[in-house]
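Trainee: Build me a structure from this.
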Amino acid sequence: MSIYSLVVHTRPEDIESVSTALGKKQGVEVHGANEKGKIVVSLDHPDRGYCSDTIMSFHAIEGVLNSSLIYEYFIDDKDSQVITESRQTTTTEAS
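Mentor: A predicted model of the protein is given here:
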């Protein structure tokens, strides 16, 4: 599982079109923007390579000036499975 948070920079007049284009990408959610052209987005997808490619594709959107990675969370699927199984065991024991 991969979760990213970014700020995408654009000109103020391009906020709406860039936000719309970003929101059409799989796994991308637009959370808001300010009047200076900073758009807050998150990206959530199980494939880390997909996330990297998607972030790089932001720069191909007309009006995007730059993007800044704010946060990255990654857990390998096998580690995720171990955590899930551990939580299920703990929940079952507590019942």
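Trainee: correct me, but Val64 touches Arg11?
Mentor: No. Judged on C-beta atoms under 8 Å, Val64 makes no contact with Arg11 at a distance of 9.6 Å. All C-beta atoms are positioned from the backbone trio N, CA, C, and that covers glycine.
Trainee: all helices for the protein, in order.
Mentor: In order along the chain, the chain carries the following helices (DSSP state H): 15-23, 48-57, 77-94.
Trainee: hmm, back to that, and Val64 and Arg11? Which one has more around it.
Mentor: Using other C-beta atoms under 10 Å, the more surrounded residue of Val64 and Arg11 is Val64, with 20 against 12.
Trainee: List the beta-bridge partners for the more buried one.
Mentor: Thr10 (DSSP bridges).
Trainee: so who does the closest residue in space to Asp14 that isn't next to it in sequence touch?
Mentor: If the residues on either side of it in the chain are set aside, Asp14 comes closest to Gly63, at 3.3 Å by C-beta to C-beta, 6 or more residues apart in numbering. With contact set as C-beta atoms under 8 Å, 6 or more residues apart in numbering, Gly63 has these partners: 10-11, 14, 17-18.
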